[in-house]
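J.: Need a 3D model of the sequence below.
(one chain, ligands or ions: 2)
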Amino acid sequence: MATEHQLLSTAVHETMPGKYVRPVSQRPRLTEVVPDARIPVVDLASPDRAAVVSAIGDACRTHGFFQVKNHGIDSTLLTAVMAVARDFFRLPAEEKAKLYSDDPARKIRLSTSFNVRKETVHNWRDYLRLHCYPLDQFVPDWPSNPASFKEIMSTYCMEVRELGFRLYAAISESLGLDDGYIKKTLGEQEQHMAVNFYPQCPEPELTYGLPAHTDPNALTILLMDDQVAGLQVLNGGKWIAVNPQPGALVINIGDQLQALSNGKYRSVWHRAVVNSDRERMSVASFLCPCNSVELGPAAKLVTEESPAVYRNYTYDEYYKKFWSRNLDQEHCLELFRT
Ligand code: OGA
Ligand code: NI
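T.: Ligands and ions are numbered 1, 2, ... in the order given. From the prediction side, this is the model:
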């Protein structure tokens with residue numbers, strides 16, 4: 001049984017325990033990563049709406065990832081979110097122990113690695129996982145230390161949700177659907193947040209912050225450390241590094257939009273690697289379909305030439321399946337093919 005003593009952020013690590021060491025065939029091979037690759041950047045303030053929609057559609061097809069700038073979320077808020085997140089992980093061990101849990105069903109929990117109860121090799125990450133919608137239902141149980149945590153994070157959550165809905169409209173249009181299609185189809189959506197903390201690691205070549213995975217939700221909005229790189233995306237068989245761009249947010253298509261688009265848009269493999277000289281942080285916001293609505297390819301995208309690639313299912317079913325597996329197995333959507 002794991003306990004809060006497994007949290008990495010409570011100690012300095014001179015050596016790496018064996019339970020974090022990947023077998024040789026599964027290591028990140030950092031020298032083979034394409035260092036200066038760029039994922040598409042979309043300027044959301046561009047007056048040319050059609051160009052924005054088409055750039056987003058292209059990015060969803062080719063990379064499954066893009067960055068957005070001029071997204072409407074103030075840079076001072078982004079800075080405050082990162083700062084309060086960092087302060088949280090700097091709290092003393094006793095304070096963090098109160099929030100520790102390794103039960104994925106818990107709606108507020110501080111944990112480590114990915115799924116410590118299931119996995120055989122651990123990941124070099126601590127994370128705070130929060131449910132964020134409806135806010136008034138969850139915020140009372142969020143950390144009250146640091147004192148500004150609740151206010152800063154709840155403001156950010158509201159703004160991220162709005163941004164996500166604007167992106168849904170553009171993504172819907174880019175698929176030739178009504179601009180309200182995705183928002184409407186996914187129903188009264190949940191929103192989750194993972195505040196990720198990747199401590200300095202003595203042996204980055206031997207482990208991961210997060211091993212290769214796809215996101216099980218619909219859309220992910222990632223606020224990255226603007227000083228320290230670590231996110232890598234699989235593209236054309238190669239891992240490419242997503243270098244931070246100050247003020248930008250990283251957007252990726254999750255499994256549910258791959259299914260809804262009938263496989264046109266891709267929920268791609270990505271991973272986080274760690275650094276020996278610096279810690280890294282990220283704040284991932286996940287927009288998730290309503291648990292009970294029926295998901296699957298949009299009717300308009302299923303034709304004789306492109307029959308349905310996935311069967312219909314509920315998010316409840318999908319999410320349970322996702323958490324019952326290891327993170328780096330086959331794509332979870334493969335289990336939902338027609
Ligand atoms: C995630 C994720 C990447 C990162 O939390 O799902 O992919 O750079 N994070 O922290
Ligand atoms: Ni992810």
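J.: Verify the stated contact: residue 115 with residue 101.
T.: No. Look at residue 115 against residue 101 with C-beta atoms under 8 Å: they stay out of range, at 11.9 Å. To be clear about C-beta, it is placed using only N, CA and C from the backbone, and glycine gets the same treatment.
J.: what helix or strand is residue 196 on?
T.: Following DSSP states H and E, the helix or strand that holds residue 196 is strand 190-198.
J.: Each with direction, which strands does that strand pair with?
T.: Sheet pairing for strand 190-198, assigned by DSSP bridges, gives strand 126-131 (antiparallel), strand 280-288 (antiparallel).
J.: ok, residue 115 and residue 101, which is more surrounded?
T.: Between residue 115 and residue 101, counted using other C-beta atoms under 10 Å, the more crowded position is residue 115 (17 against 14).
J.: Does the more buried one belong to a helix, a strand or coil?
T.: Secondary structure, DSSP: H, G, I helix; E, B strand; the rest coil: residue 115 is coil.
J.: So the residue lying closest to residue 263 once chain neighbours are set aside versus residue 174, what's the distance?
T.: Of all residues beyond its chain neighbours, the one nearest residue 263 is residue 309 (4.4 Å), with distances taken as C-beta to C-beta, 6 or more residues apart in numbering. Distance, residue 309 to residue 174, using C-beta to C-beta, to the nearest Å: 18 Å.
J.: Comparing those two, which residue is more hemmed in?
T.: More crowded of residue 309 and residue 174, by other C-beta under 10 Å: residue 174, with 23 against 19.
J.: In which helix or strand does the closest residue to that one other than its chain neighbours reside?
T.: Once flanking residues are discounted, residue 174 sits nearest to residue 57: 3.1 Å by C-beta to C-beta, 6+ apart. Secondary structure from DSSP H and E places residue 57 in helix 49-62.
J.: The longest helix along the chain vs strand 126-131, what angle?
T.: Secondary structure assigned by DSSP state H gives helix 149-174 as the longest helix of the chain. Counting by axes from the mean of the first three to the mean of the last three C-alpha atoms, to 10 degrees, helix 149-174 lies at 70 degrees to strand 126-131.
J.: As a check, name the ranges of all strands in the chain.
T.: Under the criterion DSSP state E, strands of the chain are mapped to 41-43, 65-69, 108-112, 126-131, 190-198, 210-213, 219-224, 231-235, 238-241, 249-253, 270-272, 280-288, 294-295, 313-314.
J.: packing partners for the first one?
T.: To tie it back to what came earlier, the one meant is strand 41-43. helix 49-62, strand 65-69 (3 or more C-beta pairs under 8 Å, 6 or more residues apart in numbering; DSSP states H and E).
J.: Can I get the longest one in PDB? Just the C-alpha atoms.
T.: C-alpha atoms of helix 49-62 as PDB (Å, rounded to 0.1, in the frame of the first residue of the first chain):
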ATOM      1  CA  ARG A  49     -11.900  33.500 -38.700                       C
ATOM      2  CA  ALA A  50     -11.800  31.200 -41.600                       C
ATOM      3  CA  ALA A  51      -8.000  31.000 -41.500                       C
ATOM      4  CA  VAL A  52      -8.100  30.300 -37.700                       C
ATOM      5  CA  VAL A  53     -10.600  27.500 -38.200                       C
ATOM      6  CA  SER A  54      -8.600  26.000 -41.000                       C
ATOM      7  CA  ALA A  55      -5.300  26.200 -39.100                       C
ATOM      8  CA  ILE A  56      -6.900  24.500 -36.200                       C
ATOM      9  CA  GLY A  57      -8.300  21.800 -38.400                       C
ATOM     10  CA  ASP A  58      -4.900  21.200 -40.000                       C
ATOM     11  CA  ALA A  59      -3.200  21.000 -36.600                       C
ATOM     12  CA  CYS A  60      -5.800  18.500 -35.300                       C
ATOM     13  CA  ARG A  61      -5.200  16.300 -38.300                       C
ATOM     14  CA  THR A  62      -1.400  16.500 -38.500                       C
END
